[in-house]
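Trainee: need a 3D model of the following:
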Amino acid sequence: MSKNKYVIGVDFGTDSVRAMLMDTITGKILSSSVCLYERWHKGLYCDAGNSQFRQHPLDYIEGLTSAVKNCLQTVDPEVRQSIGALSMAMTGSTPVAVDEQGTALALLDAFKDNANAMFVLWKDHTAIHEAAEINGAGKKDPRGYLRYVGGIYSSEWYWAKLLHVLRVDPAVREACYTWVEHSDWMPFLLTGGNDANQMKRNVCAAGHKALWSPAFGGLPDAEFFNTIDPMLGTYAERFGDRVYTAVESAGYLCAVWAERLGLSTDVQIGIGSIDAHVGAVGGEIKPYYISKVIGTSTCDMMVVPKPEMEGVFVEGICGQVEDSIIPGMVGLEAGQSAFGDVFSWFKDLLLWPAKLISSADFSAVYEHLETELLKELNRSAAQLPMHIDDPFALDWFNGRRTPDAAPTLKGLIGGLSLGTTAPAIFSALVEATCFGSRAIMERIESEGVRVEGINAIGGIASKSPFAMQMMADILNRPIHIAATEQVCALGACMFAAVVSNRYDTIEEAAARMGKGDKEIVQPRPEYRAHFDHRYAQYLRYGAVQNDRDNKAQT
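Mentor: Coordinates of the predicted model:
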């Protein structure tokens, strides 16, 4: 049996980790397993009111261990012995402070319950003021260090989060040797790394979140970072002078982790990458198509041949980076800070009275309501007639990621009357999130990058026909729905197949291992004028909110 016939792909999501074992030749998924993060689901180390979302490294370690071991339990020993590589996708920007050995500080006794020593999750917005300082320095600097990240640096990203943690926590500041993305730390851990200076940084996180670019010869110079705050220069120097793509190997599984997972030390570990980038590959991204990874938030990915991006800078997105997503192309990233999160918020709002009932007899009823409410809202909203004066909304419940990052913006629901129903409000929320997607697409097109089609991947793409039909109508594009919901784990398997030398390129791996479309949702021409009118209203109210936010900050 070929040594590299099988691979494992791992997707570290916001709530859980999924492992997938796959045959690289037939494309058959042999097994998969999901493990929830124990501490995260207890709500530990998070404060939603202050936009603080932290995850303990033990959640990742324990989750990975359980998911992979469970995945392996259902296959023959011969399969286990023929696994060639394991590759991983992680949320980003989700960085953590580590010591000189590369140990995440929260794994040390002195910091085990310190939220600032844990991974700062992608949707943590505690670094709004630090991001503003970076943007101020970027606008003044003649070298244009922000031009490859859309001209605006986000509070969701690497340097803003580092600066915030250093300022608010002297103990972490004293112990932190360098600042590391989850997508870099986990491969380092699995390969037995013990020197933070040897950690291999991936190009996706470095380019889209940390300002790395070949045009600068790497990071902006230390002078730029010292202008923002003298503390940052040292961390820029410790970042390293090279980045890697996800088709490269980080090394081999170390003995400790091989025993822990029940694998061989001959298994190669792929360079990590951001989950949305890997998911776009799993969804078989191709040039000029927006691949929308739709879950709690969205990430909108594109790949464009390098020659066509020369001299083109798309304002207000999350970056355009050479060799990200697919090596050899320029990867573009945009997205929305909240998509499914908006719907979950509305569900929880409606369920609030039920939560107050502590009766044991009511627990089964509550569980049923929690499971079925969103399904019923989708069904009921799909049956509503459409009117120009229906309730409307703005989707910025977690700020705005793109176009033009503005994390302090708030959501809005308007146009209500005493006759407004819950399904009507839900419909307005779905419409608003789809309008947010249209704003992203129109920004990309306005900068001269053509959009030929839309791929939709992720949980909501698979589970909400109502949302996907509305998105097709609002974007006026066919929506290709991926055949599998687990595109991030699938994409990680594809990268592992290249890392193990089963295939030469990620394009070849995707062609052989991809699952294609489940369906194509066509736009309905009869609703185009309706949604054009409603979209113009969305833009008007959005402009008012923008103006209020700018005045509040000044």
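Trainee: can you report how many residues neighbour the nearest residue to residue 320 once chain neighbours are set aside?
Mentor: Spatial nearest neighbour of residue 320, chain neighbours left out: residue 332 (5.0 Å); criterion: C-beta to C-beta, 6 or more residues apart in numbering. From N, CA and C alone the C-beta is placed, and that goes for glycine too. Using other C-beta atoms under 10 Å, residue 332 has 26 neighbouring residues.
Trainee: assign residue 332 to helix, strand or coil.
Mentor: Assigned with DSSP: H, G, I helix; E, B strand; the rest coil, residue 332 falls in the strand class.
Trainee: same deal with residue 97?
Mentor: Applying three-state DSSP: residue 97 is strand.
Trainee: that older thread, what bridges to the residue nearest to residue 320?
Mentor: residue 302, residue 320 (DSSP bridges).
Trainee: and it, what is it in contact with?
Mentor: Residues in contact with residue 332 (C-beta atoms under 8 Å, 6 or more residues apart in numbering) are 301, 302, 303, 304, 314, 317, 319, 320, 444, 449.
Trainee: leaving out sequence neighbours, find the closest residue to residue 133.
Mentor: Nearest non-adjacent residue to residue 133, counting by C-beta to C-beta, 6+ apart: residue 228, 5.5 Å away.
Trainee: surely the one you found meets residue 135?
Mentor: No - using C-beta atoms under 8 Å, residue 228 is not in contact with residue 135; the gap is 9.8 Å.
Trainee: please tell me the pLDDT value assigned to residue 551.
Mentor: pLDDT recorded at residue 551 is 72.
Trainee: so how far is residue 199 from residue 185?
Mentor: Between residue 185 and residue 199 the distance, using C-beta to C-beta, to the nearest Å, works out to 7 Å.
Trainee: and for the two, which residues touch both?
Mentor: Common contacts of residue 185 and residue 199, defined by C-beta under 8 Å, 6+ apart, comprise residue 102.
Trainee: more neighbours: which of these two?
Mentor: The residue with more neighbours, out of residue 185 and residue 199, is residue 185; 25 against 22, by other C-beta under 10 Å.
Trainee: surely the more buried one is in contact with residue 106?
Mentor: No - taking contacts as C-beta under 8 Å, residue 185 lies outside contact range of residue 106: 11.5 Å.
Trainee: what helix or strand does residue 427 sit in?
Mentor: Secondary structure assignment for residue 427, by DSSP states H and E: helix 422-446.
Trainee: how about that helix: buried residues?
Mentor: Neighbour-count burial for helix 422-446, counted by 16 or more other C-beta atoms under 10 Å, picks out 422-441, 443-444.
Trainee: residue 218 bridge partners, please.
Mentor: Assessed by DSSP bridges, residue 218 has beta-bridge partners residue 213.
Trainee: number of nearby residues for it?
Mentor: Neighbourhood size, residue 218 [other C-beta under 10 Å]: 17.
Trainee: which residues sit in contact with it?
Mentor: Contact partners of residue 218, counting by C-beta under 8 Å, 6+ apart, are 212, 239, 241.
Trainee: related to what we said a few turns ago, ok, so what distance separates the residue nearest to residue 133 from residue 136?
Mentor: Taking C-beta to C-beta as the measure, residue 228 falls 8 Å from residue 136.
Trainee: same check, this time on residue 51
Mentor: Taken as C-beta to C-beta, the span from residue 51 to residue 136 is 21 Å.
Trainee: just want to know which of the two has more residues nearby.
Mentor: A side-by-side neighbour count of residue 51 and residue 136, using other C-beta under 10 Å, places residue 51 first with 18 against 13.
Trainee: so that one is in contact with residue 124, correct?
Mentor: Yes - with contacts counted by C-beta under 8 Å, residue 51 reaches residue 124, the gap being 6.4 Å.
Trainee: ok, residue 7 touching residue 87?
Mentor: Yes - with contacts counted by C-beta under 8 Å, residue 7 reaches residue 87, the gap being 7.2 Å.
Trainee: give me the common contacts of the two.
Mentor: With C-beta under 8 Å, 6+ apart as the test, residue 7 and residue 87 both reach 493, 496.
Trainee: hmm, back to that, intersection of neighbour lists for residue 185 and residue 106?
Mentor: In contact with both residue 185 and residue 106: 57, 96, using C-beta under 8 Å, 6+ apart.
Trainee: right, and residue 300 touches residue 294 too?
Mentor: No - counting by C-beta under 8 Å, residue 300 stays clear of residue 294, with 9.4 Å between them.
Trainee: got any residues that touch both of the two?
Mentor: Contact with both residue 300 and residue 294 is made by no residue, according to C-beta under 8 Å, 6+ apart.
Trainee: from residue 317, how far out is the closest residue to residue 322 other than its chain neighbours?
Mentor: Residue nearest to residue 322 in three dimensions, not counting chain neighbours: residue 330, with 5.6 Å by C-beta to C-beta, 6+ apart. For residue 330, the distance to residue 317 equals 12 Å [C-beta to C-beta].
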